[in-house]
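1. mind looking at a prediction? Sequence and model below.
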Amino acid sequence: MSGDGRFGARLRAAMDARGPLCVGIDPHPGLLSAWGLPDSPSGLERFTRTVVDALGDRAAVVKPQSAFFERFGSQGIAVLESAIRQLSESGALVLLDVKRGDIGSTAAAYADAYLDPASPLRVDAITASPFLGFGSLTPMIEKAVETGAGVFVLALTSNPEGPAVQHAKTADGRTVAQTIIDEVSQVNAGVSPLGDVGVVVGATIGETGHDMSSLGGPVLVPGLGAQGGRTEDLRAVFGDDLSFVLPSYSREILSQGPSVARLRDSLDRLMDACRRTVQPIG
Ligand SMILES: O=C(O)c1cc(=O)[nH]c(=O)n1[C@@H]1O[C@H](COP(=O)(O)O)[C@@H](O)[C@H]1O
């Protein structure tokens, strides 16, 4: 796929039009309870519909966390499918957080499940785990690039267990995370304004010395709000050019529900902070 239909081009346009922010839909049992909803498929459905109705027409990207839908089996997946449809109608890009990764032949089936235009679970982009080797993701990346979708590859995750693997040195002296960043850079080479393949880098990681200057693609940045990361930390992690950074919040916004007005206020307030931090001055 080339031109405006590419995921990177669509993401750039969405971030420019709506602002650089991704809102996660993570219907934790604790949040369902705080919203006065049962921990059941009907509670999940009402939670999800409220978030989609409140935020689908103002967030650039919405990221449902698949695990919270999968916990209800086929009924949860049905809620997810209908959220994907509604979000697409409201103009938000849907990034499904499934963190898939497997041997190549199975990765091809995941690509069919989430990235094939004929699938009911087709989304604009997915998260993927490269820890079976970056090459194992090739079927997902190829399917995404062919069909106008995107893949966000985990590189430096926000959890405290991440560095033991991601900062480990490979035979050529680079860290595992740097090899992932460099592989993604190669996929994006020559594509502008933004490549179709991104990386995931947590806001909580601090200054690690990883070089993302040739990435050419977007960086999804979770770990903000509930996990302690702040927009002020972004410059320490990414330096001065933040134009490719997509900050992501789940609980920080969701905890404001079920009031639609409070959900929207929270999104607008965080969006202002992200705009001020991420978009170049002047
Ligand atoms: O891929 C992700 O989105 C992700 C990567 C990562 O390094 N850390 C991380 O927290 N996430 C996801 O981002 C969301 C964070 O939720 P909050 O902590 O509530 O904002 C969860 O759905 C996590 O699974």
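-> All right, it came through fine. Numbers count the residues shown, from 1 in each chain.

2. interface residues of the stretch 1-150 of the chain facing the ligand?
-> Contacts of the stretch 1-150 of the chain with the ligand, taken as CB under 6 Å from any ligand atom, map to 24, 26, 65, 97, 127. The C-beta positions use only the backbone N, C-alpha and C, and glycine is treated the same way.

3. widest-spaced pair of the residues you listed?
-> Farthest apart among these by CB to CB are 26 and 127. That separation is 13.0 Å.

4. output the longest helix belonging to this structure.
-> As far as residue count goes, and with DSSP state H defining each element, the longest helix of the chain is helix 260-278.

5. buried sites along that one?
-> Within helix 260-278, the residues that count as buried by 16 or more other CB atoms under 10 Å are 263, 264, 266, 267, 270, 271, 273, 274, 277, 278.

6. got the contact list for the fourth one?
-> The reference is to residue 267. If you count contacts by CB atoms under 8 Å, 6 or more residues apart in numbering, residue 267 has them with 21, 23, 55, 58, 59, 253.

7. what pLDDT does the fourth one get?
-> By that I understand residue 58. Among the per-residue scores, residue 58 holds a pLDDT of 97.

8. which single residue of the stretch 1-150 of the chain ends up nearest the ligand?
-> With CB to the nearest ligand atom as the measure, the residue in the stretch 1-150 of the chain that lies nearest the ligand is residue 65; the distance is 3.9 Å.

9. so that residue touches residue 99, yeah?
-> No: shown here, residue 65 and residue 99 do not form a contact pair, counting by CB atoms under 8 Å, at 9.5 Å.

10. from memory residue 32 sits against residue 41, does it?
-> No: no contact is recorded between residue 32 and residue 41 when judged using CB under 8 Å, the distance being 10.9 Å.

11. SS state for residue 97?
-> At residue 97 the chain is in strand, as set by DSSP: H, G, I helix; E, B strand; the rest coil.

12. give me every residue that touches the closest residue to residue 199 other than its chain neighbours.
-> Spatial nearest neighbour of residue 199, chain neighbours left out: residue 155 (4.1 Å); criterion: CB to CB, 6 or more residues apart in numbering. Residues touching residue 155, when contacts are defined by CB under 8 Å, 6+ apart, comprise 130, 166, 177, 180, 181, 184, 199, 200, 201, 210.

13. CA atoms only for the longest helix of the chain, dumped as CSV, please.
-> What follows is helix 260-278 as a C-alpha-only set of coordinates in CSV (Å, rounded to 0.1, in the frame of the first residue of the first chain):
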residue,chain,number,x,y,z
VAL,A,260,-19.0,11.2,30.0
ALA,A,261,-18.2,14.9,30.8
ARG,A,262,-15.3,13.9,33.1
LEU,A,263,-13.9,11.3,30.6
ARG,A,264,-13.9,14.1,28.0
ASP,A,265,-12.4,16.7,30.3
SER,A,266,-9.7,14.3,31.3
LEU,A,267,-8.8,13.5,27.7
ASP,A,268,-8.8,17.2,26.7
ARG,A,269,-6.6,18.1,29.6
LEU,A,270,-4.0,15.4,28.9
MET,A,271,-4.2,16.2,25.2
ASP,A,272,-3.2,19.8,25.9
ALA,A,273,-0.3,18.6,28.0
CYS,A,274,0.8,16.2,25.2
ARG,A,275,0.4,18.9,22.6
ARG,A,276,2.5,21.3,24.6
THR,A,277,5.2,18.6,25.1
VAL,A,278,5.2,16.7,21.9
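
14. any part of it near the ligand?
-> No: Helix 260-278 lies apart from the ligand when judged by CB under 6 Å from any ligand atom; the minimum separation is 10.8 Å.
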